[in-house]
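K.L.:
Let me see the structure of the following:
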Amino acid sequence: MRDKLIKAGVKNLREFGYPEVNEDNILTDAVYSAFFAVMLQDNLGYGMDAEINELLEEIKGQNETTT
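P.N.:
Residues are numbered from 1 along each chain as shown. Reported below is the predicted structural model:
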């Protein structure tokens, strides 16, 4: 499920005009991860909360180490 969420996020960000986003940098790049976090938060409550919360924590951890 984690991989599906990441792939969907990459697809959405590319459609929004970010052609350089990929499965590796969506969690580490400040801009990509910020957009992805919003997408994930918008999907809480639809049955994937555990996986979404894990990804949100991973993004949060990445952002804390880069600031």
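K.L.:
and residue 27, helix, strand or coil?
P.N.:
coil (DSSP: H, G, I helix; E, B strand; the rest coil).
K.L.:
give me the number of residues near it?
P.N.:
The tally of other residues near residue 27 (other Cβ atoms under 10 Å) stands at 18. Bear in mind the C-beta positions are built from the backbone N, C-alpha and C, glycine included.
K.L.:
Equivalent analysis for residue 64, please.
P.N.:
8.
K.L.:
list the buried ones in the helix or strand containing it?
P.N.:
Per DSSP states H and E, residue 64 falls inside helix 49-66. Within helix 49-66, the residues that qualify as buried are 51, 52, 55, 56, 59, counting by 16 or more other Cβ atoms under 10 Å.
K.L.:
nearest to residue 18, of those residues?
P.N.:
residue 59 (15.6 Å; Cβ to Cβ).
K.L.:
By pLDDT, rank the buried residues of helix 49-66 and give me the bottom one.
P.N.:
Ranked by pLDDT, the buried residues of helix 49-66 bottom out at residue 59, which has 94.
K.L.:
Please give me every residue in contact with it.
P.N.:
Residues in contact with residue 59 (Cβ atoms under 8 Å, 6 or more residues apart in numbering) are 27, 33, 36, 37, 40.
K.L.:
What sits closest to the fourth one if chain neighbours are left out?
P.N.:
Translated: residue 37. What sits nearest to residue 37 in space, not counting adjacent residues and going by Cβ to Cβ, 6 or more residues apart in numbering, is residue 59, at 5.2 Å.
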